[in-house]
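K.L.:
coords please:
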Amino acid sequence: MIDIKFLRENPDIVKENIKKKFQDHKLPLVDEVIELDKERRENQAKADAIRAEKNKISKQIGALMAQGKKEEAEEVKKQVAESAALLKELEEKEPVLEEKVKAIMMRIPNIIDPSVPVGKDDSENVEVERFGEPVVPDFEVPYHTDIIDRFSGIDLDSARDVAGNGFYYLVGDIARLHSAVLTYARDFMIDKGFTYVIPPFMIRSDVVTGVMSFEEMDAMMYKIEGEDLYLIGTSEHSMIGRFINKMLDESQLPLTLTSYSPCFRKEKGAHGIEERGIYRIHQFEKQEMIVICKPEESMDWYNKMWSYTVELFRTLDVPVRTLECCSGDLADLKVKSVDVEAWSPRQKKYFEVGSCSNLGDAQARRLKIRVKDENGDKYLAHTLNNTVVAPPRMLIAFLENNLNADGSINIPKALQPYMGGKEKLIPNK
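P.N.:
Just a heads-up that it's a prediction; the model follows:
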């Protein structure tokens, strides 16, 4: 959510930003919220004026009574009574106008960084850099569920009976590999100086609307029936929510945190053939990184954060690339975002395994996360988030890139301590 004062003073910039995001249907919202904001401020000014006059008159009444001028005092009291009715009307109108302004402001997208390429959707995202040599082996790489099945490592049929489509059982060495990747990612981030956190896996609605747009909320979140609780779609939600209504001391910044959580997502819409198996699912686990920092430091942290994910994948012998998200592919709260994509030897292309985002002060404004500097001045923090690793999608990239012709899976040195020292996984089928 952008600053209403900025919108009021720069409506053309806000409209141009909306156009860059190809959301022209939101253009009328700018003029609409300017008019509502004007009405709100005028209403507030009238109420403040009446309150000031009321205080002034109250003092006059006291003085007149002290002088024994009761009749004059009674006349002045009538004036107070007349203004009280108008004040009540204005005060009742204040929260209504406030809510209308807020509702519209939450639909207007954040101002994107000037470096963001303009494009309509993810098909116009721009490749930035490749890390590692993408290799296509001289043997056929099976579909990921077929690779896993050779290890008796997956049971989709039973999961379908128990929970429906979009769920899975991982078994044996594959389940251990899944957990090993997460544990390694946790320690990797701790070694980078991040503090490990396990957050709540459910959050209230005021946190949900603070961390994401309404469109994302509807497409992603599962609501707990009968309660003001939602299952998190990523630990970023509860990690940022932890600081709702908090005043942070500037000396605490930056807050560098890494969190583990299961994630729950509706994943609305049709899924293609490459999204069967465990590629697009309703429940998965993830290691996340979160940074809360000064505004002037957020872009430096943005670049550090995605580079950590690249580094981790390379230690697991998975080639990756970074892809700059274009304007039309950015969620409304994001200032800038980059996807990390892993190489798929089977598909002979890259696919998304993580995303790093700078949200500027949008989440902090919604959640009222403020910072006090050494002079006592206050400002809004900047928030950033990034996927460290998210199996089982990452597991697909790992299996394909470490697969041997005989069906065995190489375990890179970095992961071997987390797999009981094993250097290879040998299929039992």
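K.L.:
what residue ranges in the stretch 201-350 of the chain are flagged as low confidence?
P.N.:
Scanning the stretch 201-350 of the chain for pLDDT under 70 picks out 268-276.
K.L.:
where exactly do the helices run in it?
P.N.:
Secondary structure of the stretch 201-350 of the chain by DSSP state H, counting those that start in this stretch: the helices cover 205-211, 214-220, 235-241, 298-315.
K.L.:
out of those helices, which gets nearest to residue 253?
P.N.:
When those are compared for distance to residue 253 using Cβ to Cβ, the nearest one is helix 298-315, at 10.4 Å. In short, each C-beta sits where N, CA and C put it, glycine included.
K.L.:
tell me the buried residues in the closest one?
P.N.:
For helix 298-315, the neighbour count (16 or more other Cβ atoms under 10 Å) marks 298-299, 301-302, 304-306, 308-310, 312-313 as buried.
K.L.:
do the same with stretch 168-179
P.N.:
For stretch 168-179, by 16+ other Cβ under 10 Å, it's 168, 170, 173-174, 176-178.
K.L.:
re earlier: and the buried residues of helix 298-315, which is closest to residue 282?
P.N.:
residue 309 (23.5 Å).
K.L.:
the closest one touches residue 386, doesn't it?
P.N.:
Yes. Residue 309 is in contact with residue 386 according to Cβ atoms under 8 Å; the separation is 6.2 Å.
K.L.:
longest helix anywhere in this structure?
P.N.:
Determined from DSSP state H, the single longest helix within the chain is helix 27-66.
K.L.:
what helices or strands is that one leaning on?
P.N.:
Judged by 3 or more Cβ pairs under 8 Å, 6 or more residues apart in numbering; DSSP states H and E, the packing partners of helix 27-66 are helix 4-9, helix 11-20, helix 70-105.
K.L.:
between those helices, which gets nearest to residue 153?
P.N.:
Of all the helices and strands packed on helix 27-66, helix 11-20 sits nearest to residue 153, with 45.2 Å by Cβ to Cβ.
K.L.:
how much space separates residue 180 from residue 213?
P.N.:
Remark: distance between residue 180 and residue 213 (Cβ to Cβ, to the nearest Å) = 35 Å.
K.L.:
got it, and residue 144?
P.N.:
32 Å.
K.L.:
ditto for residue 387
P.N.:
When Cβ to Cβ is the yardstick, residue 387 and residue 213 sit 19 Å from each other.
K.L.:
which of these two has more neighbours?
P.N.:
residue 387 (25 against 19; other Cβ atoms under 10 Å).
K.L.:
let me know the pLDDT of the more buried one.
P.N.:
At residue 387, the predicted lDDT confidence score is 96.
K.L.:
so the helix or strand where it lies versus helix 298-315, what angle?
P.N.:
Secondary structure assignment for residue 387, by DSSP states H and E: strand 382-389. Inter-element angle recorded for strand 382-389 and helix 298-315: 0 degrees (by axes from the mean of the first three to the mean of the last three Cα atoms, to 10 degrees).
K.L.:
what strands line up against strand 382-389, and which way round?
P.N.:
The strands beside strand 382-389 in its sheet (DSSP bridges) come out as strand 283-293 (antiparallel), strand 349-358 (antiparallel).
K.L.:
show me how far whichever helix or strand comes after that strand is from its chain's centre.
P.N.:
Going down the chain from strand 382-389, the next helix or strand is helix 393-401, by DSSP H and E. Relative to its chain's centre, helix 393-401 lies at 25 Å (Cα atoms, centre = their mean, to the nearest Å).
K.L.:
what lies in contact with helix 393-401?
P.N.:
By Cβ atoms under 8 Å, 6 or more residues apart in numbering, the residues outside helix 393-401 that reach it are 135, 141, 144, 147-148, 174, 177-178, 181, 277-279, 284, 313, 316-319, 342-346, 351-354, 409.
K.L.:
among the residues you listed, which ones are in strands?
P.N.:
284, 342-344, 351-354, 409 (DSSP state E).
K.L.:
list only those of those flagged as buried.
P.N.:
When the ones in strands among the contacts of helix 393-401 are checked for burial by 16+ other Cβ under 10 Å, the buried set is 284, 342-344, 351, 353-354, 409.
K.L.:
of the residues you listed, just say which sits nearest to residue 109.
P.N.:
Looking across those and measuring by Cβ to Cβ, the closest to residue 109 is residue 354, at 22.6 Å.
K.L.:
the closest one and residue 23, how far apart?
P.N.:
For residue 354, the distance to residue 23 (Cβ to Cβ) stands at 25 Å.
K.L.:
check residue 34 too.
P.N.:
To residue 23, residue 34 is 18 Å away according to Cβ to Cβ.
K.L.:
try residue 93
P.N.:
The spacing between residue 93 and residue 23, counted by Cβ to Cβ, is 30 Å.
K.L.:
next one: residue 318
P.N.:
35 Å.
K.L.:
follow-up on the earlier one: pipe the buried ones among the ones in strands among the contacts of helix 393-401 into TSV and attach distance to residue 43 per row.
P.N.:
TSV is the format used below for these (distance: Cβ to Cβ, whole Å):
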residue	distance to residue 43
284	48
342	54
343	58
344	58
351	52
353	50
354	47
409	67
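K.L.:
how about the residues you listed, which pair is most distant?
P.N.:
Maximum distance among these (Cβ to Cβ): 21.4 Å, for 354 and 409.
K.L.:
assign the nearest residue to residue 13 once chain neighbours are set aside to helix, strand or coil.
P.N.:
Distances taken as Cβ to Cβ, 6 or more residues apart in numbering place residue 111 nearest to residue 13, at 7.2 Å, with adjacent residues excluded. What DSSP: H, G, I helix; E, B strand; the rest coil gives for residue 111 is coil.
K.L.:
so who does residue 111 touch?
P.N.:
Contact analysis of residue 111 by Cβ under 8 Å, 6+ apart lists 2, 6, 13-14, 17, 335, 360.
K.L.:
with residue 150 instead?
P.N.:
By Cβ under 8 Å, 6+ apart, the residues touching residue 150 are 407, 427-429.
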